[in-house]
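1. sequence and computational prediction follow.
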Amino acid sequence: MKGLLLGVLMVAGGALGQPGLAAQYDAGIAVGSKAPIVAINDLNGKPIDLGTFIGKKPVLLEFWATWCSVCKTLLPELERVRTTYGDKVMMIGVNITVNDSRERVRRYLSVHRPPFLALYDDKGASSRAYEVPTTSFIVVVDQAGKVVYTGSGEEQDLVAAVAKAVSR
């Protein structure tokens with residue numbers, strides 16, 4: 001959680017005119033790593049095992065929050081992934097739960113309708129396992145369960161990132 005807090009502070013600093021995060025950087029889980037299999041609760045508190053998806057087909061994970069402006073900016077890019085790849089890729093949005101209640105997340109989902117399965121990391125299991133440095137952190141995992149892309153920020157070509165996982 002320390003890395004996540006640092007990332008939140010860096011994003012906040014960037015929003016206040018301080019140097020913030022670039023579009024992509026080397027932080028979080030390393031590309032080439034085996035994707036951790038953890039259980040994350042859904043919005044009703046039911047645990048969902050990422051092993052249900054990882055190792056079966058490519059997976060795109062976004063670690064997000066309702067208050068994250070970069071996350072909102074990425075919604076059209078996520079929709080491009082859904083339009084391009086459809087059911088070939090499992091898209092999962094993991095709410096990091098910092099200043100987000102389940103009800104706030106539900107309201108956000110009903111308004112913005114992101115193209116992913118929304119999970120609620122109230123235990124911080126996936127944030128720790130994936131070494132999440134900030135919100136809008138994207139991890140793409142190939143069918144074999146290997147991390148092929150990580151990135152953060154508004155300037156990500158997620159269709160190209162997912163292509164790395166689909167073409168394997």
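-> Received the coordinates, thanks.
2. for this structure, what are the low-confidence residue spans?
-> Low-confidence segments of the chain (pLDDT under 70): 1-25, 168.
3. phi, psi of the one residue sitting closest to the centre of it?
-> Here the mean C-alpha position of the chain is nearest to the C-alpha of Glu62 (Cα atoms, centre = their mean), at a distance of 1.2 Å. Taking degrees, to the nearest 10, you get phi -120, psi 130 for the backbone angles of Glu62.
4. beta partners for it?
-> Bridge pairing for Glu62 (DSSP bridges) gives the partners Gly93, Ile138.
5. thought Val94 was touching it, still the case?
-> Yes: Glu62 is within contact range of Val94, at 7.0 Å (criterion: Cβ atoms under 8 Å). The C-beta positions use only the backbone N, C-alpha and C, and glycine is treated the same way.
6. show me where the protein has its strands.
-> 39-41, 47-49, 59-64, 90-95, 117-120, 137-141, 147-151 (DSSP state E).
7. and stretch 29-36, how far from the chain's centre?
-> The chain centroid and the centroid of stretch 29-36 are separated by 14 Å, computed with Cα atoms, centre = their mean, to the nearest Å.
8. next up, the contacts around Ser136.
-> Residues touching Ser136, when contacts are defined by Cβ atoms under 8 Å, 6 or more residues apart in numbering, comprise 62-64, 68, 70-71, 74, 152-154.
9. now do 7 Å
-> The contact partners of Ser136, by Cβ atoms under 7 Å, 6 or more residues apart in numbering, come to 64, 68, 70-71, 74, 152-153.
10. format those residues as a markdown table; extra columns: distance to Val166.
-> Compiled in a markdown table, the contacts of Ser136 are given as follows (distance: Cβ to Cβ, whole Å):
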| residue | distance to Val166 |
| --- | --- |
| Trp64 | 22 |
| Cys68 | 26 |
| Val70 | 24 |
| Cys71 | 23 |
| Leu74 | 19 |
| Ser152 | 21 |
| Gly153 | 22 |
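11. nearest to Asp87 among these?
-> Leu74 (20.5 Å; Cβ to Cβ).
12. which one is that closest one nearest to, not counting chain neighbours?
-> Ranked by Cβ to Cβ, 6 or more residues apart in numbering and with sequence neighbours excluded, the top spatial neighbour of Leu74 is Ser136, at 6.0 Å.
13. that neighbour and Thr52, how far apart?
-> In this structure, Ser136 lies at 24 Å from Thr52, with Cβ to Cβ, to the nearest Å as the measure.
14. what does Val59 give?
-> 10 Å.
15. which one of these two has more residues nearby?
-> When Val59 and Thr52 are compared on other Cβ atoms under 10 Å, the one with more neighbours turns out to be Val59, at 23 against 11.
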